[in-house]
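In: I would like the atomic coordinates for the input below:
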Amino acid sequence: MVMRPDSVKAVLVSVVLLATAGCGSIFGDQGIFRDSSEDYKKAMEIPAVVVPAGIDSVPLRDIYVIPKIDDKFLSQEKFEVPKPVPLSVDSGTEVVRLQKLGDESWALISRAPGQVWPQVRNFMAASGMQIALADARAGVIESNWLTVEGQPLASRFQFRMEQGVQRETSELHVLQMRQTGTATAWPAKSDDPVQAAEMLRAIAQFLADSADSAPVSMIAEQGIAASGKITMQEAPNGYAFLRLELPFNRAWASLGRALEKSSFEITDRDRSNGTYYIRFLEGGADDEDGWWGDFWGTADDETLFDEVLVVFMKPLPSGTAMSITIQPQDISVPFDKRKAQELLSLIKGNVN
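Out: Predicted coordinates:
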């Protein structure tokens, strides 16, 4: 039997009409292909299965446990969305900076230790320096003896990489020793500080020129801590404090510079007691347009804090780290925990 074209059209139209009329039963709430994405809202909680006495069983527990959130930094009363922690204003655009404190000098590099390690090796290869020892986990590379132009005695150099104060930064220290007698132990300080300083400048320039093409050493990355040397923690009284893994002399200098870079004016200081007296500048010391004030919502509102503040820096019991706390000079002035955390966040991003 052969159907005529007009009959085929009639059948197709009937099928389409039937499908259209039945859309509710196919795609609706009662349809075959209904939307089940909201079904979880109707789920009922049922009692846990009780195993009869005398029968052993694997302990029953929830598969997807929702952990309890206990953030003591948040207010226990009215909830207030915390302001975002600002990025480090001191990060700048320099990849490598030479720093000096007293007799100590080092290079601060805006790269993780795992990136600095292979670049130091590349520098030694390009300079024709042979490697006597390389310990990626310890971040130490030592050269063989080499003759330095204009010097009567041979020298060797030790390059030590450490995690920087901030995350994703590194510190590079150079130690030099002169070949005299049978001494093989590295000295506490370079025998020739001038040679060490020249080597530090040379390798710093090399790192700055080749930073964009830096490979990564996973061994060095895993061996040298990458979490930074400054963290925000909580004291027993509930207030936040900064833990800084630096000796007092360097921590004191770093804190002073960080305060000036963090929109604070230092009105007084007492080094023997590790104390800075500061006042918050609404627009920032170097920001005529009040960028920091706009960021923290203080341009047309209240200032972040307009009282004199005291920053205390004291050694922790470990003896290898400092604690940094902040409070009003007038202890009768109200000072909530959230405000203390915000002020410390400003300081934290600028300590190096």
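In: immediately after the helix or strand bottoming out on mean pLDDT in the chain, which helix or strand?
Out: When the helices and strands of the chain are scored by mean pLDDT, DSSP states H and E, helix 291-295 comes last with a mean of 47. Next helix or strand after helix 291-295 toward the C-terminus (DSSP states H and E): strand 309-315.
In: pLDDT on that following strand, on average?
Out: Strand 309-315 shows a mean pLDDT of 94.
In: Show residues contacting it.
Out: Outside strand 309-315, the residues within contact range by Cβ atoms under 8 Å, 6 or more residues apart in numbering are 244, 248, 251-252, 255, 259, 264, 274-280, 321-329, 343, 347. Where you see a C-beta, it was placed from the backbone N, CA and C, and this is true even at glycine.
In: From those, which land in strands?
Out: If you go by DSSP state E, the contacts of strand 309-315 have 244, 264, 275-280, 322-328 in strands.
In: Return the member of the residues you listed nearest to S155.
Out: Among the ones in strands among the contacts of strand 309-315, L244 lies closest to S155 (Cβ to Cβ), at 34.2 Å.
In: okay but that closest one is in contact with V351, surely?
Out: Yes - applying Cβ atoms under 8 Å as the test, L244 and V351 come out as touching, 6.5 Å apart.
In: Generate a ChimeraX selection restricted to the buried entries among the contacts of strand 309-315.
Out: The following ChimeraX line selects those of the contacts of strand 309-315 that are buried, judged by 16 or more other Cβ atoms under 10 Å:
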select :244,251,252,255,259,264,274,276,278,279,280,321,322,323,324,325,326,328,343,347
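In: Helix, strand, or coil at L172?
Out: strand (DSSP: H, G, I helix; E, B strand; the rest coil).
In: The residue nearest to it when sequence neighbours are not counted pairs with what?
Out: Counting by Cβ to Cβ, 6 or more residues apart in numbering, A107 is the residue found nearest to L172 once chain neighbours are left out, at 4.3 Å. For A107, the beta-bridge partners under DSSP bridges are L98, L172.
In: Can you give me the neighbour number for A107?
Out: Residues within reach of A107, counting by other Cβ atoms under 10 Å, total 22.
In: how far away is it from L98?
Out: As judged by Cβ to Cβ, to the nearest Å, A107 and L98 stand 6 Å apart.
In: list residues touching both of those two?
Out: With Cβ under 8 Å, 6+ apart, A107 and L98 have common neighbours 200, 204.
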